[in-house]
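*Asks:* Structure for this input, please:
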Amino acid sequence: MSITALVVARNEAARLPACLAALAPADALVVVLDRSTDASAAVARAAGATVLAGEWPVEGARRNAGIAACSTDWVLEVDADEIVPPELWAAIRRTIATSPHGFHRVRIDNFVGPRLVRHGWEGGIGTTLKPILFRRGAKHWRAQRVHPGVDYTGTEGERITEAGIHHALDADISDMWRRVDSYSNAKAMDLLAGGGAGSLANALRRAASRAVKSYVGRGGWREGSLGLLIALCAGAFPLLAHLKARLEPEKYRPAPSPLPATPPSSPREAAPPPSPHEAAPPPSPREAAPPPSPRDAAPPSSPRDAAPLMPPREAAPLMPPREAAPPSAHPPAGLPPDAPPLGHHPA
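*Replies:* Numbers count the residues shown, from 1 in each chain. A predicted model of the protein is given here:
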C-alpha cells in the first residue's frame, strides 16, 4: 500500500526542514502553503515535495485542497510543527498493509517548551489522539476557520499508540496564551458567519464544562500547576470567542461579498424625480378623457351640461334630493305649458 505525507503550513520555513526530513519514508510528499511569503516553497521543493500554494482563509478548504492533491492509497496528514519518528513509521506501515478500515487515530505527544505534557489536553487547545491516517477519499473537512469538523467514509480502525508524533505545541506559557487568543479570533468569525454569538449563559456553561473536563476528565491535575493553566485556557477559548463576537462584531464579521456590477435598482433609484422646471403640468380632466364625440364637443346648453365629466365624491349630487324646494309653477322657457314640473314623475 502506498502512502502520501501531507503537510499544511503557512510561513514555516524554519520548521519545515526537520518536519519534511522525518517524512522521507513516505512514497510521496505534498505541501500546501497558505498565503506564505517566506522561503517555505523553496524548502519544500528542495525536499522533493509537490507544492500547492494559494490562499485559503478557511482551514477546512485548504486541507481539502491538499487531500485532493494526493493520489496514493493512504494519506498521513501532519503539521509543520510535528515530527514523525522512525518507530511510528514502522507501525504505520504495518497498519496500512492489512487494515480494512477508513481511518486510524495516531498518538500525539505535546510539548510545552522542553516538557512533555500528556494530560489535560482538551479539543479546543490540544489533543493526544488525532485521526490523521486515512484512506484517500475517506476524510473531508467542513468549511470552518478553526478546528473544523470532519466527515469520514468507512469505519475507524485500531489506534496507533506504539509511538507518538513529537508535537512542539507551545514554546512557553505566553505562546500558549497567544495561540488561544488566535484560535478565539477565528472562532468568533465562525460564530458570526453561522448567525450570531449566541447567549452569554451558553458561553459560560461551555467555558466551565471545558475547564472541568480538562482538569478532571483529562487528568490535568496530574500535571500540577501547568495542568491548571491548560484547564483555564481550555475554558477561556469558547468564552473569549463569544465575547469577541458579541462586543466587537464589526472586527470579526466576515467581509460581505462584493455587489454585482449592475445591481438592480428600486423604482426610487431608477431615475431621480424631475425638478419643478422639468416637470410637466398635470393633465386636466378634459385632457385625460377620451376624445369627445361631436355631440359632446358642442357647448353646454344648460348649467347641468357644464358640470365636470367625473365630479368628485364630495360634489353635490347631480339630481336634487326630493326634500328640495317644490318646483316653480311656471315651467322654464322652452317647455310646453302643459309639461309636468321638473322632478315630477307621473303615476
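
*Asks:* for this structure, which helix is longest?
*Replies:* Longest helix in the chain, counting residues (DSSP state H): helix 225-247.

*Asks:* Show me the shaky parts of the chain.
*Replies:* Within the chain, the segments meeting pLDDT under 70 span 255-347.

*Asks:* distance between stretch 206-219 and the chain's centre?
*Replies:* Offset of stretch 206-219 from its chain centre (CA atoms, centre = their mean, to the nearest Å): 29 Å.

*Asks:* Which residues does it contact?
*Replies:* Here stretch 206-219 makes contact (CB atoms under 8 Å, 6 or more residues apart in numbering) with 119-124, 220-221, 227-228, 230-232, 234-239. C-betas here are computed from N, CA, C, even on glycine.

*Asks:* What's the end-to-end length of it?
*Replies:* Separation of the first and last residues of stretch 206-219 by CA to CA, to the nearest Å is 18 Å.

*Asks:* Just the buried residues of that stretch, please?
*Replies:* Of the residues in stretch 206-219, 206-207, 210-215, 218 count as buried by neighbour count, 16 or more other CB atoms under 10 Å.

*Asks:* ditto for stretch 192-203
*Replies:* 192-193, 197-198, 203.

*Asks:* How far does stretch 176-183 sit from its chain's centre?
*Replies:* 22 Å.

*Asks:* Show me which residues of that stretch are buried.
*Replies:* 176, 179-180, 183.

*Asks:* For this protein, just list every one of the helices.
*Replies:* 16-21, 40-46, 59-68, 86-98, 173-193, 200-212, 225-247, 249-252, 267-270, 285-288, 294-297.

*Asks:* tell me the most buried of these?
*Replies:* Highest mean neighbour count of those: helix 225-247, a mean of 21 (counted as mean count of other CB atoms under 10 Å).

*Asks:* quick one on the thing from earlier: could you say what helices and strands the longest helix of the chain packs with?
*Replies:* Packing contacts for helix 225-247, counted by 3 or more CB pairs under 8 Å, 6 or more residues apart in numbering; DSSP states H and E, involve strand 115-117, helix 173-193, helix 200-212, helix 249-252.

*Asks:* Determine which of the ones you listed approaches residue 63 most closely.
*Replies:* Nearest to residue 63 among those is helix 173-193; the distance by CB to CB comes to 14.0 Å.

*Asks:* got a list of contacts for the closest one?
*Replies:* If you take CB under 8 Å, 6+ apart as the criterion, helix 173-193 is touched by 59, 112, 124-125, 144-147, 169-170, 197-198, 229-230, 233, 236-238, 240-242, 244-245, 248-249, 252-254.

*Asks:* re earlier: nearest to residue 71, of the buried residues of stretch 206-219?
*Replies:* Nearest to residue 71 among these, with distances taken as CB to CB, is residue 218, at 37.6 Å.

*Asks:* and the closest one, how far is that from residue 91?
*Replies:* Residue 218 is 24 Å from residue 91, where distance means CB to CB, to the nearest Å.

*Asks:* ok, now residue 242?
*Replies:* Look at residue 242 and residue 91: by CB to CB, they are 40 Å apart.

*Asks:* who's in contact with residue 254?
*Replies:* 189, 192-193.

*Asks:* repeat for residue 43
*Replies:* Listed by CB under 8 Å, 6+ apart, the contact set of residue 43 reads 13, 16-17, 20.

*Asks:* among the helices and strands packed on helix 225-247, which is nearest residue 129?
*Replies:* strand 115-117 (14.5 Å).

*Asks:* gap between that closest one and the chain center?
*Replies:* 37 Å.

*Asks:* buried sites along it?
*Replies:* Under the neighbour-count criterion of 16+ other CB under 10 Å, strand 115-117 has residue 117 buried.

*Asks:* Partner strands of that strand, with direction?
*Replies:* strand 103-112 (antiparallel) (DSSP bridges).

*Asks:* The partner strand versus helix 225-247: what angle between them?
*Replies:* 110 degrees (axes from the mean of the first three to the mean of the last three CA atoms, to 10 degrees).

*Asks:* can you pull the alpha-carbon coordinates of strand 103-112 into PDB?
*Replies:* Provided in PDB are the C-alpha atoms of strand 103-112 (Å, rounded to 0.1, in the frame of the first residue of the first chain):
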ATOM      1  CA  PHE A 103      -9.100   5.800   9.200                       C
ATOM      2  CA  HIS A 104      -7.000   5.400  12.300                       C
ATOM      3  CA  ARG A 105      -6.100   7.700  15.200                       C
ATOM      4  CA  VAL A 106      -2.400   8.300  15.900                       C
ATOM      5  CA  ARG A 107      -0.900   9.300  19.300                       C
ATOM      6  CA  ILE A 108       0.300  12.900  19.700                       C
ATOM      7  CA  ASP A 109       3.000  13.800  22.200                       C
ATOM      8  CA  ASN A 110       2.500  17.500  23.000                       C
ATOM      9  CA  PHE A 111       5.500  19.600  24.300                       C
ATOM     10  CA  VAL A 112       5.400  22.900  26.100                       C
END
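
*Asks:* Report how far apart the opening and closing residues of stretch 35-48 are.
*Replies:* End-to-end distance for stretch 35-48: 20 Å, by CA to CA.

*Asks:* can you give me how far it is from the chain middle?
*Replies:* That offset, for stretch 35-48, works out to 31 Å (CA atoms, centre = their mean).

*Asks:* Sweet, I'm off.
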